[in-house]
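K.L.:
next comes the sequence, and after it the predicted model I'd like to discuss.
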Amino acid sequence: MVEWIRGFNFLVLVLFGIAYFYQIIYVVIQWSAPKKEREEAKPRKYAAIISARNESMVIGELIDSIRKQNYPSDLLDIFVVADNCTDHTAQVARNHRAIVFERFDGTQVGKGYALNYLFSQIETMKGIESYDAYLVFDADNVLDENYVKEMNQIFAEGYQVVTSYRNSKNYGSNWISAGYALWFLRESRYLNGARMICGTSCAISGTGFLISSQIVRANNGWKHHLLTEDIEFSVDHVIQGEVIGYAEKAVLYDEQPEKFRESWSQRLRWTKGFYQVFGKYGRELVHGVVKKHSFQCYDMLMTVAPATLLTLSMLLGNTLFAITGLLTGRPEWTGITVEAIGGNLMGIYLSLFFFGMVTTFSEWKQIHCESKKKILYMFTFPIFIFTYIPIAVTALFKRVTWVPIHHNIVKSVGQIRG
């Protein structure tokens with residue numbers, strides 16, 4: 001039995017290594033690849049679209065940052081869907097000169113439904129093809145002044161979907177907000193950045209992305225309505241062979257939760273949504289890997305499946321070994337099992353710390369907080385990720401619905417940068 005325990009845990013570590021070794025290669029690629037120079041692209045016409053639910057405190061700052069873009073104002077319209085709002089979101093948006101539609105629907109709840117409604121209103125008012133593409137934001141975002149210009153650069157290269165560099169308003173608030181922020185910075189630089197260099201597909205991440213009018217027309221609006229509509233959209237288009245681009249200089253700032261209860265609710269929805277995406281598209285992703293030898297299908301498969309499943313398998317397997325040892329009078333089995341769990345968790349901690357440390361130092365100037373906090377949050381980053389373990393277990397059994405996250409940090413880009 002001792003050999004079984006050791007063999008099981010060794011197998012788990014090997015599977016982790018096989019699944020994610022390519023992400024270490026991504027780091028090397030990002031460090032070593034030369035920067036690509038781009039000629040300035042011809043301006044195209046865009047609509048910024050914002051789904052907002054009770055966001056009266058923050059939506060004005062986003063709209064102002066869109067109006068301050070280093071981009072021709074006559075080529076950039078702003079649309080807001082005030083979705084099931086009970087506050088003054090719609091009026092605030094109108095005061096900031098956005099085109100606003102109000103939606104009230106207690107059955108079809110969630111950002112995906114709100115976006116689809118907004119697209120239907122734009123179709124009725126102007127026609128989807130009135131714009132070359134659509135820029136999708138959440139109400140708590142604010143944009144660097146060159147955001148649209150940089151997105152336009154990548155769109156001009158032929159990408160029909162483009163994601164951007166996701167930074168945070170409140171990195172330095174506490175270990176929770178920093179955990180989110182560091183993950184998104186790593187995702188931007190060392191996942192999407194490396195994918196772009198390699199010519200494989202990137203993935204959109206919640207907010208701050210572009211979709212062409214052709215995609216909107218082909219999808220008849222927005223057709224993705226799982227709990228994580230962003231990753232569903234990404235996986236669906238990767239399966240179809242679409243390559244999503246990445247604009248590394250298009251910088252967006254958003255607000256991260258600071259309270260654990262809010263963070264739990266949000267990440268529980270994300271985790272349940274990942275399970276939904278894996279359940280709906282997993283077979284097609286595997287088919288893409290096995291039959292089409294598609295690396296981007298493999299990349300998306302690794303994104304939606306293995307880490308949580310492998311960690312849960314490791315904990316469940318070792319728990320069963322430990323219980324067996326106690327019931328059969330072999331306490332040494334329990335000791336070996338506890339030691340194995342500790343060793344595995346330490347290995348995962350160190351790998352997460354590595355990615356957090358690399359991201360912190362490479363993005364040092366993009367992280368806007370005190371230096372001592374930047375260092376501290378490298379150590380708490382793995383702990384933040386470990387809190388996904390109970391979330392992952394809960395998401396397996398609990399029915400999860402979309403719950404809005406309250407936003408109240410009102411900062412301009414200049415104030416964020418200090």
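P.N.:
Thanks, I have it.
K.L.:
burial of the nearest residue to Ile383 once chain neighbours are set aside, as a residue count?
P.N.:
Spatially, and ignoring its direct neighbours in sequence, Ile383 is nearest to Trp175 (7.2 Å; Cβ to Cβ, 6 or more residues apart in numbering). The way it works is simple: take the backbone N, C-alpha and C, and place the C-beta from them, glycine included. Neighbours of Trp175 under the rule other Cβ atoms under 10 Å: 16.
K.L.:
so Trp175 touches Tyr377, yeah?
P.N.:
Yes - counting by Cβ atoms under 8 Å, Trp175 touches Tyr377, with 6.1 Å between them.
K.L.:
most remote residue from this structure's center?
P.N.:
The centre of the chain is farthest from one residue, Gly329, which by Cα atoms, centre = their mean lies 47.2 Å away.
K.L.:
got a pLDDT number for that residue?
P.N.:
For Gly329, the model assigns a pLDDT of 75.
K.L.:
the one 4 residues further on now?
P.N.:
With respect to pLDDT, Trp333 scores 70.
K.L.:
wait, isn't it in contact with Ala322?
P.N.:
Yes - between Trp333 and Ala322 there is a contact under Cβ under 8 Å: 7.1 Å.
K.L.:
tell me where the stretch 1-150 of the chain is predicted with low confidence.
P.N.:
Along the stretch 1-150 of the chain, segments meeting pLDDT under 70 span 1-2.
K.L.:
quick one: the strands in it?
P.N.:
Secondary structure of the stretch 1-150 of the chain (DSSP state E, counting those that start in this stretch): strands at 46-52, 76-83, 99-103, 133-138, 142-143.
K.L.:
can you list the strands that the longest one pairs with?
P.N.:
Within its sheet, strand 76-83 is paired with strand 46-52 (parallel), strand 99-103 (parallel), according to DSSP bridges.
K.L.:
how many neighbours does the residue nearest to Arg217 when sequence neighbours are not counted have?
P.N.:
Take Arg217 and drop its neighbours on the chain: the residue closest to it by Cβ to Cβ, 6+ apart is Ile128, 5.3 Å away. When neighbours are counted by other Cβ under 10 Å, Ile128 registers 18.
K.L.:
does Ile128 really touch Ser213, like I thought?
P.N.:
Yes - contact criterion Cβ under 8 Å: Ile128 and Ser213 qualify, at 5.2 Å.
K.L.:
what are the neighbouring residues in contact with the residue nearest to Arg217?
P.N.:
When contacts are counted by Cβ atoms under 8 Å, 6 or more residues apart in numbering, Ile128 touches Phe119, Ile122, Ser213, Val216, Arg217.
K.L.:
distance between the one helix or strand the fourth one maps to and the chain's centre?
P.N.:
What that stands for is Val216. Using DSSP states H and E, Val216 falls within helix 213-218. Mean-position distance between helix 213-218 and its chain equals 22 Å (Cα atoms, centre = their mean, to the nearest Å).
K.L.:
only alpha carbons, please: show it as CSV.
P.N.:
The C-alpha trace of helix 213-218 is given here as CSV (Å, rounded to 0.1, in the frame of the first residue of the first chain):
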residue,chain,number,x,y,z
SER,A,213,-19.5,43.0,-36.7
GLN,A,214,-19.0,39.9,-38.9
ILE,A,215,-18.8,37.7,-35.8
VAL,A,216,-21.8,39.5,-34.2
ARG,A,217,-23.8,38.9,-37.4
ALA,A,218,-22.7,35.3,-37.7
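K.L.:
following element in sequence after it, please.
P.N.:
Next along the chain after helix 213-218, taking DSSP H and E as the criterion, comes helix 229-239.
K.L.:
now tell me what touches the top strand by length along the chain from outside.
P.N.:
Ordering each strand of the chain by length in residues (DSSP state E) puts strand 245-254 first. The contact list for strand 245-254, computed with Cβ under 8 Å, 6+ apart, reads 137-138, 140-144, 146-148, 150-151, 153-155, 157, 159, 161-169, 188-189, 192-193, 195-196, 202, 206-208, 366, 411, 413, 416.
K.L.:
what residues does Ile5 make contact with?
P.N.:
With Cβ under 8 Å, 6+ apart, Ile5 has these contacts: Asn318, Phe321, Trp333, Ile336, Thr337, Ala340.
K.L.:
distance check, it against Val100.
P.N.:
Distance of Ile5 to Val100, computed by Cβ to Cβ, to the nearest Å: 61 Å.
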